[in-house]
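fold the following for me, if possible:
(one chain, ligands or ions: 1)
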Amino acid sequence: MSRILIVEDEESIAELEKDYLELSGFEVEIETDGSRGLGRALKEDFDLFILDLMLPGTDGFEICRQVRATKNTPILMVSAKKDDIDKIRGLGLGADDYITKPFSPSELVARVKAHLARYERLIGSGMPENEIIEIRGLKIDKTARRVYINGEEKNFTTKEFDLLTFLAQNPNHVFTKDELFREIWDMESVGDIATVTVHIKKIREKIEYNTARPQYIETIWGVGYRFKM
Ligand code: CA
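Below is the predicted model of the structure:
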């Protein structure tokens, strides 16, 4: 039986969601405090989370961010304001779905079922654990194509992600800009080795504490770059 955690401080709403989900055969737990909800979400095994945004303790944004940093479990965010939904999307927190209050219970149940089915297909397909590279607070999730610095997700373009991952997978190896360009961009690409410099600069702005003294990607003057291990 699928187990769902609802984190919602309006008890009447939480109970309504719980009733409908239980009628559909789900096991449902409720937490009305954000911090307690986050603690349980991280420690216990749930199959899906339904998170309200505005909560006492830890808010829904933060719960979503912290859960997503370690779990692939589907997350449905619930908000009373359409603006908040836009904000969650913009933040790229990794939520799977967004529902605006008031919503019909049957709509909620339908969405929960759809996300669980999709998630179970992923799990059931014997999908291996996400492949992750972790170096001094930098975490690259190769499977989900996400990058985190000290737990905070950073948005990367496709090429920035490919370049960073390539360098991190070959630490201490000095690559010339030519080599990097050939590795990451295909032959038909518009651009030249200056593209590499531009991308390295953008990556540093996202991952380095001090871009003047990079601790991850080092410039080897007159040669190229290397990822420091
Ligand atoms: Ca609330």
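
which ones are touching the residue most central in space within the chain?
Nearest residue to the geometric centre of the chain (C-alpha atoms, centre = their mean): Gly94, 4.2 Å. Counting by C-beta atoms under 8 Å, 6 or more residues apart in numbering, Gly94 touches 64-65, 68, 75, 146, 153. The C-beta positions use only the backbone N, C-alpha and C, and glycine is treated the same way.

okay, those residues in a markdown table with distance to Ile207, pLDDT and secondary structure next?
As requested, the contacts of Gly94 are exported to a markdown table (distance: C-beta to C-beta, whole Å; pLDDT from 0 to 100; DSSP: H, G, I helix; E, B strand; the rest coil):
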| residue | distance to Ile207 | pLDDT | secondary structure |
| --- | --- | --- | --- |
| Cys64 | 22 | 93 | helix |
| Arg65 | 17 | 91 | helix |
| Arg68 | 19 | 91 | helix |
| Ile75 | 25 | 94 | strand |
| Arg146 | 13 | 93 | strand |
| Glu153 | 12 | 92 | strand |
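
among those, which one sits closest to the ion?
Among these, Cys64 lies closest to the ion (C-beta to the ion), at 14.1 Å.

that closest one contacts Leu51, correct?
Yes - contact criterion C-beta atoms under 8 Å: Cys64 and Leu51 qualify, at 6.0 Å.

overlap of the contact sets of the two?
Contacts common to Cys64 and Leu51, judged by C-beta under 8 Å, 6+ apart, are 75, 77, 95.

hey, where'd the helices end up in this structure?
With helices called from DSSP state H, the chain shows them at 11-23, 34-43, 60-68, 82-91, 105-124, 158-169, 177-184, 193-207.

so does the first one get close to the ion?
Right, helix 11-23. No - using C-beta under 5 Å from the ion, helix 11-23 never reaches the ion; the gap is at least 8.3 Å.

pull out the buried positions in that helix.
13-14, 17-18, 20-21 (16 or more other C-beta atoms under 10 Å).

now the angle from it to helix 105-124?
Counting by axes from the mean of the first three to the mean of the last three C-alpha atoms, to 10 degrees, helix 11-23 points 60 degrees away from the direction of helix 105-124.

hey, C-alpha coordinates of helix 11-23 in CSV?
Presented in CSV, the C-alpha positions along helix 11-23 are these (Å, rounded to 0.1, in the frame of the first residue of the first chain):
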residue,chain,number,x,y,z
GLU,A,11,-6.5,20.7,9.7
SER,A,12,-9.8,20.7,7.9
ILE,A,13,-8.1,20.6,4.6
ALA,A,14,-5.6,18.0,5.7
GLU,A,15,-8.4,15.8,7.0
LEU,A,16,-10.4,16.2,3.8
GLU,A,17,-7.4,15.2,1.7
LYS,A,18,-6.7,12.3,4.0
ASP,A,19,-10.3,11.0,3.8
TYR,A,20,-10.4,11.0,0.0
LEU,A,21,-7.0,9.4,-0.3
GLU,A,22,-7.8,6.7,2.2
LEU,A,23,-11.0,6.0,0.3
